[in-house]
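Sharing a model that was predicted from the sequence below.
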Amino acid sequence: MDLESLMRLSVPSMQRSHQLSMEAKAEAGGGGREGALIVISVFLLSLKALISIVHLALPNDSLIFSFSVGERMTMGRNGTSSCMVLSCSITRIYPSMVSLSLPLRENPAPALWMAGNTVVLFDFDRTIIDGDSDNRVITEMGLTSLFNKLRFNLPWNSLMDRMLEELHSQGKTVEDITECLKGTPLDQHIIAAIKAAHALGCELRIISDANLFYIETILEHQGVLGCFSRIDTNPSFVDEEGRLRILPFHDLSSTPHGCKLCPPNMCKGLVIDQIQASVSDSGVKRIIYLGDGNGDYCPTLKLGENDFVMPRKKYPLWKHIHGNPKLIKAQVHEWSTGEELERILLHLIDTNPIQDKIISGNASQSN
Ligand SMILES: [Mg+2]
(Lines give C-alpha, C1' and ligand atoms only; values in the text may rest on other atoms or scores of the structure.)
Protein backbone atom coordinates (compact mmCIF):
# COMPACT_ATOMS: atom_id res chain seq x y z
CA MET A 1 0.00 0.00 0.00
CA ASP A 2 1.51 3.34 -0.97
CA LEU A 3 1.47 6.40 1.21
CA GLU A 4 -1.42 8.16 -0.59
CA SER A 5 -3.70 5.12 -0.17
CA LEU A 6 -2.70 4.94 3.42
CA MET A 7 -3.60 8.56 4.02
CA ARG A 8 -7.04 8.05 2.49
CA LEU A 9 -7.66 5.27 4.99
CA SER A 10 -6.64 7.34 7.97
CA VAL A 11 -9.96 9.11 8.39
CA PRO A 12 -10.07 11.73 11.15
CA SER A 13 -12.25 9.62 13.44
CA MET A 14 -9.56 6.98 13.58
CA GLN A 15 -6.85 9.35 14.58
CA ARG A 16 -5.45 9.51 18.06
CA SER A 17 -4.32 12.65 19.75
CA HIS A 18 -0.62 12.73 19.16
CA GLN A 19 0.43 14.74 16.22
CA LEU A 20 3.79 16.20 15.54
CA SER A 21 4.57 18.56 12.77
CA MET A 22 7.75 19.79 11.32
CA GLU A 23 8.19 22.48 8.82
CA ALA A 24 11.02 23.17 6.51
CA LYS A 25 10.95 26.33 4.59
CA ALA A 26 12.46 27.04 1.27
CA GLU A 27 12.53 30.58 0.14
CA ALA A 28 10.94 30.83 -3.25
CA GLY A 29 11.13 33.68 -5.61
CA GLY A 30 11.53 34.34 -9.33
CA GLY A 31 13.22 31.62 -11.41
CA GLY A 32 14.61 29.85 -8.30
CA ARG A 33 11.11 28.75 -7.34
CA GLU A 34 10.77 25.97 -9.90
CA GLY A 35 14.23 24.70 -9.05
CA ALA A 36 13.34 24.59 -5.39
CA LEU A 37 10.19 22.61 -6.15
CA ILE A 38 12.18 20.01 -8.07
CA VAL A 39 14.71 19.64 -5.26
CA ILE A 40 11.99 19.27 -2.63
CA SER A 41 10.04 16.77 -4.73
CA VAL A 42 13.14 14.60 -5.12
CA PHE A 43 13.74 14.88 -1.39
CA LEU A 44 10.15 13.78 -0.62
CA LEU A 45 10.32 10.77 -2.88
CA SER A 46 13.55 9.71 -1.24
CA LEU A 47 12.02 10.14 2.20
CA LYS A 48 8.97 8.07 1.23
CA ALA A 49 11.20 5.27 0.06
CA LEU A 50 13.24 5.42 3.25
CA ILE A 51 10.14 5.26 5.46
CA SER A 52 8.76 2.32 3.49
CA ILE A 53 11.99 0.43 4.15
CA VAL A 54 11.87 1.29 7.86
CA HIS A 55 8.27 0.17 8.01
CA LEU A 56 9.08 -3.24 6.61
CA ALA A 57 11.71 -3.66 9.31
CA LEU A 58 9.47 -2.52 12.18
CA PRO A 59 6.01 -4.05 11.91
CA ASN A 60 4.69 -2.72 15.25
CA ASP A 61 2.13 0.06 15.68
CA SER A 62 1.49 2.89 14.64
CA LEU A 63 2.76 6.06 12.98
CA ILE A 64 1.69 7.57 9.73
CA PHE A 65 3.67 10.21 7.91
CA SER A 66 2.24 12.70 5.49
CA PHE A 67 3.97 15.37 3.48
CA SER A 68 2.80 18.39 1.60
CA VAL A 69 4.30 21.30 -0.22
CA GLY A 70 2.50 24.60 -0.07
CA GLU A 71 2.97 28.31 -0.30
CA ARG A 72 2.59 30.62 2.65
CA MET A 73 1.69 34.23 1.95
CA THR A 74 2.93 36.84 4.42
CA MET A 75 1.49 40.36 4.50
CA GLY A 76 4.19 42.77 5.67
CA ARG A 77 4.87 46.50 5.85
CA ASN A 78 6.95 46.24 2.70
CA GLY A 79 4.36 44.31 0.73
CA THR A 80 3.49 40.67 0.25
CA SER A 81 6.11 37.96 0.30
CA SER A 82 5.77 34.26 -0.12
CA CYS A 83 7.72 31.22 0.87
CA MET A 84 7.37 27.57 0.03
CA VAL A 85 6.52 25.40 2.99
CA LEU A 86 7.32 21.74 3.31
CA SER A 87 5.12 20.16 5.97
CA CYS A 88 5.63 16.76 7.47
CA SER A 89 3.01 15.50 9.89
CA ILE A 90 3.24 12.33 11.94
CA THR A 91 -0.12 11.05 13.08
CA ARG A 92 -0.87 8.15 15.34
CA ILE A 93 -3.62 5.81 14.16
CA TYR A 94 -4.82 2.36 15.05
CA PRO A 95 -2.44 -0.42 14.17
CA SER A 96 -5.01 -2.26 12.07
CA MET A 97 -5.18 0.70 9.71
CA VAL A 98 -1.50 0.96 9.13
CA SER A 99 0.93 -0.83 6.99
CA LEU A 100 3.50 1.88 7.58
CA SER A 101 4.49 1.88 11.23
CA LEU A 102 7.06 2.72 13.83
CA PRO A 103 6.94 1.82 17.54
CA LEU A 104 5.65 4.55 19.84
CA ARG A 105 6.55 5.18 23.47
CA GLU A 106 4.37 8.22 24.07
CA ASN A 107 1.45 6.56 25.84
CA PRO A 108 1.93 5.01 29.29
CA ALA A 109 2.48 1.29 29.24
CA PRO A 110 -0.65 -0.79 30.03
CA ALA A 111 0.76 -1.75 33.42
CA LEU A 112 1.03 1.87 34.50
CA TRP A 113 -2.43 2.61 33.23
CA MET A 114 -3.87 -0.26 35.21
CA ALA A 115 -1.85 0.57 38.31
CA GLY A 116 -3.51 3.96 38.40
CA ASN A 117 -6.87 2.21 38.42
CA THR A 118 -5.97 -0.31 41.08
CA VAL A 119 -6.93 -0.22 44.75
CA VAL A 120 -4.73 -2.47 46.87
CA LEU A 121 -6.43 -3.39 50.15
CA PHE A 122 -4.22 -4.79 52.88
CA ASP A 123 -5.29 -6.51 56.03
CA PHE A 124 -2.75 -5.64 58.73
CA ASP A 125 -2.13 -8.40 61.30
CA ARG A 126 -0.49 -11.49 59.77
CA THR A 127 -0.53 -9.78 56.41
CA ILE A 128 1.52 -6.57 56.49
CA ILE A 129 3.13 -7.66 59.74
CA ASP A 130 3.89 -11.32 60.22
CA GLY A 131 2.34 -11.49 63.69
CA ASP A 132 -0.51 -9.83 65.54
CA SER A 133 -0.13 -6.32 66.98
CA ASP A 134 -2.63 -6.96 69.80
CA ASN A 135 -0.79 -10.10 70.82
CA ARG A 136 2.55 -8.29 70.72
CA VAL A 137 1.39 -5.68 73.24
CA ILE A 138 -0.12 -8.40 75.44
CA THR A 139 2.94 -10.62 75.49
CA GLU A 140 5.65 -7.94 75.47
CA MET A 141 4.01 -5.88 78.21
CA GLY A 142 3.19 -8.68 80.62
CA LEU A 143 -0.55 -9.05 80.12
CA THR A 144 -0.70 -12.72 79.15
CA SER A 145 -2.12 -13.91 82.46
CA LEU A 146 -4.95 -11.37 82.53
CA PHE A 147 -5.63 -11.91 78.83
CA ASN A 148 -6.04 -15.67 79.33
CA LYS A 149 -8.34 -15.01 82.26
CA LEU A 150 -10.67 -12.70 80.33
CA ARG A 151 -10.39 -13.89 76.74
CA PHE A 152 -13.65 -15.85 76.73
CA ASN A 153 -15.60 -13.27 78.71
CA LEU A 154 -15.26 -10.21 76.49
CA PRO A 155 -15.49 -9.52 72.76
CA TRP A 156 -12.00 -9.08 71.29
CA ASN A 157 -12.35 -5.36 70.77
CA SER A 158 -13.51 -4.77 74.36
CA LEU A 159 -10.84 -7.14 75.65
CA MET A 160 -8.09 -5.07 74.02
CA ASP A 161 -9.47 -1.91 75.58
CA ARG A 162 -9.46 -3.70 78.94
CA MET A 163 -5.82 -4.66 78.40
CA LEU A 164 -4.92 -1.02 77.87
CA GLU A 165 -6.81 -0.10 81.04
CA GLU A 166 -4.64 -2.59 82.90
CA LEU A 167 -1.47 -1.08 81.45
CA HIS A 168 -2.58 2.38 82.54
CA SER A 169 -3.32 1.12 86.06
CA GLN A 170 0.23 -0.29 86.15
CA GLY A 171 1.66 3.11 85.30
CA LYS A 172 2.54 2.20 81.71
CA THR A 173 2.29 5.20 79.40
CA VAL A 174 1.33 5.67 75.77
CA GLU A 175 5.05 6.18 75.07
CA ASP A 176 5.77 2.75 76.56
CA ILE A 177 3.20 1.20 74.22
CA THR A 178 4.70 3.13 71.31
CA GLU A 179 8.16 1.73 72.04
CA CYS A 180 6.72 -1.76 72.23
CA LEU A 181 5.04 -1.34 68.83
CA LYS A 182 8.19 0.10 67.23
CA GLY A 183 9.85 -3.24 67.86
CA THR A 184 7.37 -5.02 65.58
CA PRO A 185 9.35 -6.63 62.74
CA LEU A 186 8.25 -5.93 59.19
CA ASP A 187 9.55 -8.02 56.28
CA GLN A 188 11.75 -6.00 53.92
CA HIS A 189 9.99 -7.58 50.91
CA ILE A 190 6.65 -6.30 52.17
CA ILE A 191 8.07 -2.82 52.71
CA ALA A 192 9.44 -2.97 49.15
CA ALA A 193 6.08 -4.18 47.80
CA ILE A 194 4.22 -1.33 49.52
CA LYS A 195 6.64 1.29 48.23
CA ALA A 196 6.65 -0.14 44.70
CA ALA A 197 2.85 -0.38 44.48
CA HIS A 198 2.57 3.19 45.70
CA ALA A 199 5.22 4.40 43.27
CA LEU A 200 3.38 2.70 40.38
CA GLY A 201 0.30 4.78 41.17
CA CYS A 202 -1.89 2.27 42.97
CA GLU A 203 -4.17 3.50 45.72
CA LEU A 204 -3.19 1.68 48.91
CA ARG A 205 -5.57 1.21 51.82
CA ILE A 206 -5.64 -0.79 55.01
CA ILE A 207 -8.71 -2.57 56.29
CA SER A 208 -8.02 -4.08 59.68
CA ASP A 209 -9.58 -5.22 62.92
CA ALA A 210 -6.54 -4.00 64.89
CA ASN A 211 -6.67 -0.32 65.82
CA LEU A 212 -5.52 2.99 64.41
CA PHE A 213 -2.86 3.71 67.03
CA TYR A 214 -1.06 0.40 66.57
CA ILE A 215 -1.20 0.51 62.78
CA GLU A 216 -0.05 4.13 62.41
CA THR A 217 2.72 3.72 64.99
CA ILE A 218 4.18 0.65 63.28
CA LEU A 219 3.87 1.95 59.71
CA GLU A 220 5.25 5.39 60.59
CA HIS A 221 8.23 3.80 62.30
CA GLN A 222 8.84 1.70 59.17
CA GLY A 223 8.54 4.74 56.91
CA VAL A 224 5.58 3.59 54.83
CA LEU A 225 2.60 5.23 56.51
CA GLY A 226 2.52 7.90 53.80
CA CYS A 227 1.96 5.24 51.13
CA PHE A 228 -1.57 4.62 52.38
CA SER A 229 -4.44 6.88 51.49
CA ARG A 230 -6.87 5.48 54.05
CA ILE A 231 -7.02 3.15 57.05
CA ASP A 232 -10.34 1.59 58.00
CA THR A 233 -9.98 0.10 61.47
CA ASN A 234 -11.10 0.42 65.06
CA PRO A 235 -10.55 4.03 66.17
CA SER A 236 -8.32 4.89 69.12
CA PHE A 237 -7.64 7.94 71.21
CA VAL A 238 -5.83 9.01 74.36
CA ASP A 239 -8.28 10.14 77.05
CA GLU A 240 -7.85 12.97 79.54
CA GLU A 241 -6.09 10.63 81.98
CA GLY A 242 -3.49 9.69 79.39
CA ARG A 243 -4.93 6.23 78.82
CA LEU A 244 -5.05 4.80 75.31
CA ARG A 245 -8.58 3.74 74.42
CA ILE A 246 -9.88 1.54 71.59
CA LEU A 247 -13.40 1.81 70.22
CA PRO A 248 -15.28 -0.48 67.84
CA PHE A 249 -15.32 0.43 64.14
CA HIS A 250 -19.12 0.08 64.09
CA ASP A 251 -21.04 1.79 66.88
CA LEU A 252 -22.33 -1.16 68.92
CA SER A 253 -25.14 0.94 70.40
CA SER A 254 -26.69 1.50 66.96
CA THR A 255 -28.26 -1.02 64.59
CA PRO A 256 -26.05 -4.15 64.20
CA HIS A 257 -24.39 -4.50 60.80
CA GLY A 258 -26.17 -7.82 60.38
CA CYS A 259 -23.30 -9.75 58.80
CA LYS A 260 -23.07 -13.25 60.23
CA LEU A 261 -19.52 -13.74 58.93
CA CYS A 262 -17.97 -10.79 60.75
CA PRO A 263 -17.53 -9.82 64.42
CA PRO A 264 -19.96 -7.18 65.78
CA ASN A 265 -17.33 -4.44 65.94
CA MET A 266 -16.32 -4.58 62.28
CA CYS A 267 -17.65 -5.93 59.01
CA LYS A 268 -14.97 -5.54 56.36
CA GLY A 269 -17.50 -6.41 53.67
CA LEU A 270 -19.34 -3.15 54.35
CA VAL A 271 -16.10 -1.29 53.77
CA ILE A 272 -15.75 -3.09 50.43
CA ASP A 273 -19.29 -2.01 49.56
CA GLN A 274 -18.33 1.60 50.18
CA ILE A 275 -15.14 1.33 48.15
CA GLN A 276 -16.90 -0.33 45.22
CA ALA A 277 -19.62 2.34 45.27
CA SER A 278 -17.08 5.15 45.33
CA VAL A 279 -14.85 3.77 42.58
CA SER A 280 -17.66 2.78 40.24
CA ASP A 281 -18.27 6.44 39.47
CA SER A 282 -14.66 7.11 38.57
CA GLY A 283 -14.10 4.71 35.70
CA VAL A 284 -12.51 1.31 35.54
CA LYS A 285 -11.21 0.18 38.90
CA ARG A 286 -10.11 -3.13 40.27
CA ILE A 287 -9.26 -4.32 43.75
CA ILE A 288 -6.37 -6.47 44.92
CA TYR A 289 -7.20 -7.74 48.42
CA LEU A 290 -4.57 -9.24 50.72
CA GLY A 291 -5.56 -10.95 53.95
CA ASP A 292 -5.36 -13.98 56.16
CA GLY A 293 -8.18 -14.16 58.67
CA ASN A 294 -11.80 -15.13 59.10
CA GLY A 295 -12.77 -11.46 58.90
CA ASP A 296 -11.28 -11.25 55.40
CA TYR A 297 -13.67 -13.83 53.97
CA CYS A 298 -16.73 -11.56 53.86
CA PRO A 299 -14.96 -8.87 51.77
CA THR A 300 -13.46 -11.58 49.56
CA LEU A 301 -16.96 -12.79 48.66
CA LYS A 302 -17.78 -9.28 47.44
CA LEU A 303 -14.88 -9.00 45.01
CA GLY A 304 -15.73 -9.11 41.31
CA GLU A 305 -14.28 -11.11 38.45
CA ASN A 306 -11.80 -8.36 37.55
CA ASP A 307 -10.48 -8.29 41.13
CA PHE A 308 -7.81 -10.38 42.80
CA VAL A 309 -7.61 -11.88 46.26
CA MET A 310 -4.29 -12.87 47.81
CA PRO A 311 -4.96 -15.15 50.80
CA ARG A 312 -2.08 -16.16 53.02
CA LYS A 313 -1.60 -19.88 52.42
CA LYS A 314 -3.00 -22.23 55.07
CA TYR A 315 -4.47 -19.38 57.12
CA PRO A 316 -8.26 -19.12 57.74
CA LEU A 317 -9.11 -17.03 54.67
CA TRP A 318 -7.24 -19.48 52.41
CA LYS A 319 -9.12 -22.39 54.01
CA HIS A 320 -12.48 -20.67 53.51
CA ILE A 321 -11.69 -20.05 49.85
CA HIS A 322 -10.53 -23.60 49.21
CA GLY A 323 -13.56 -24.95 51.10
CA ASN A 324 -15.84 -23.69 48.34
CA PRO A 325 -13.94 -22.06 45.47
CA LYS A 326 -17.08 -21.58 43.38
CA LEU A 327 -18.22 -18.80 45.71
CA ILE A 328 -15.23 -16.65 44.79
CA LYS A 329 -15.50 -14.49 41.67
CA ALA A 330 -12.07 -12.86 42.05
CA GLN A 331 -8.89 -14.52 40.83
CA VAL A 332 -7.10 -16.21 43.73
CA HIS A 333 -3.31 -15.99 44.20
CA GLU A 334 -2.00 -17.47 47.43
CA TRP A 335 1.22 -16.45 49.16
CA SER A 336 3.22 -17.56 52.19
CA THR A 337 6.26 -15.33 52.62
CA GLY A 338 7.03 -11.66 52.22
CA GLU A 339 9.08 -12.46 49.13
CA GLU A 340 6.08 -14.22 47.56
CA LEU A 341 3.75 -11.37 48.52
CA GLU A 342 6.03 -8.84 46.85
CA ARG A 343 6.52 -10.88 43.68
CA ILE A 344 2.86 -11.83 43.23
CA LEU A 345 1.45 -8.42 44.10
CA LEU A 346 3.70 -6.58 41.68
CA HIS A 347 2.91 -9.15 38.99
CA LEU A 348 -0.83 -8.65 39.50
CA ILE A 349 -0.43 -4.89 39.34
CA ASP A 350 1.29 -5.49 36.02
CA THR A 351 -1.64 -7.65 34.86
CA ASN A 352 -4.57 -6.28 32.92
CA PRO A 353 -7.51 -8.63 33.58
CA ILE A 354 -9.80 -6.77 31.20
CA GLN A 355 -7.27 -6.92 28.38
CA ASP A 356 -6.58 -10.57 29.17
CA LYS A 357 -10.28 -11.28 29.00
CA ILE A 358 -10.64 -9.58 25.62
CA ILE A 359 -7.67 -11.48 24.27
CA SER A 360 -8.92 -14.81 25.59
CA GLY A 361 -12.41 -14.00 24.25
CA ASN A 362 -11.02 -13.30 20.80
CA ALA A 363 -9.02 -16.50 20.96
CA SER A 364 -12.08 -18.53 21.87
CA GLN A 365 -14.06 -16.92 19.04
CA SER A 366 -11.38 -17.82 16.55
CA ASN A 367 -11.35 -21.44 17.71
MG1 LIG B 1 -5.18 -10.48 59.64
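That came in fine, so what should we check first?

Touching, Gly338 and Asp187? I think so.
Yes: the pair Gly338 and Asp187 passes the contact test of CB atoms under 8 Å, sitting 3.1 Å apart. (C-beta placed from N, C-alpha, C; glycine too.)

Give me the common contacts of these two.
Asp130 (CB atoms under 8 Å, 6 or more residues apart in numbering).

give the contact list for Ile328.
By CB under 8 Å, 6+ apart, Ile328 lies in contact with Thr300, Leu301, Leu303, Val309, Ile321.

can I get these in CSV with secondary structure and neighbour count?
Output for these, formatted as CSV (DSSP: H, G, I helix; E, B strand; the rest coil; neighbours: other CB atoms under 10 Å):
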residue, secondary structure, neighbour count
Thr300, helix, 25
Leu301, helix, 16
Leu303, coil, 22
Val309, strand, 26
Ile321, helix, 20
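
Among those residues, which pair sits farthest apart?
Leu303 and Ile321 (10.9 Å; CB to CB).

Mutual contacts of the two, please.
Contacts common to Leu303 and Ile321, judged by CB under 8 Å, 6+ apart, are Val309, Ile328.

any idea which of the contacts of Ile328 is the one closest to Val120?
Val309 (11.6 Å).

ok, that closest one - contacts?
288-291, 300, 303, 317, 321, 328, 330-333.

and stretch 323-333, average pLDDT?
Model confidence over stretch 323-333, given as mean pLDDT, is 97.

What is the end-to-end distance of it?
In stretch 323-333, first residue to last residue: 15 Å (CA to CA, to the nearest Å).

For it, buried residues please.
Under the neighbour-count criterion of 16 or more other CB atoms under 10 Å, stretch 323-333 has Ile328, Ala330, Gln331, His333 buried.

and what of stretch 171-184?
Here stretch 171-184 shows Lys172, Val174, Ile177, Thr178, Cys180, Leu181, Thr184 as buried, counting by 16+ other CB under 10 Å.

what about the third one, which helix or strand?
Ile177 is located in helix 174-182, with elements delineated by DSSP states H and E.

Residue of the stretch 201-350 of the chain nearest the ion, please.
Residue nearest to the ion within the stretch 201-350 of the chain: Gly293 (4.0 Å; CB to the ion).

Enumerate every residue touching that residue.
Asp123, Asp125, Arg126, Asp209, Tyr315, Pro316, Leu317.

From these, which shows the smallest pLDDT?
Where pLDDT dips furthest among the contacts of Gly293: Asp209, at 95.

how about the helix or strand harbouring that one, does it get close to the ion?
For Asp209, the host element (DSSP H and E) is strand 203-211. No: residues of strand 203-211 contacting the ion under CB under 5 Å from the ion: none, with a closest distance of 7.0 Å.

before we move on, back to that, so which of the contacts of Val309 belong to strands?
With DSSP state E as the criterion, strands contain Ile288, Tyr289, Leu290, Gly291, Gln331, Val332 from among the contacts of Val309.

could I get these as CSV with distance to Gly242?
What follows is the ones in strands among the contacts of Val309, written out as CSV (distance: CB to CB, whole Å):
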residue, distance to Gly242
Ile288, 39
Tyr289, 37
Leu290, 35
Gly291, 34
Gln331, 47
Val332, 45
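
which of these sit farthest apart?
Farthest-apart pair in the ones in strands among the contacts of Val309 is Gly291 and Gln331; separation 14.9 Å (CB to CB).

In the stretch 201-350 of the chain, where is pLDDT below threshold?
279-284 (pLDDT under 70).

what does it put close to the ion?
Contacts of the stretch 201-350 of the chain with the ion, taken as CB under 5 Å from the ion, map to Asp292, Gly293.
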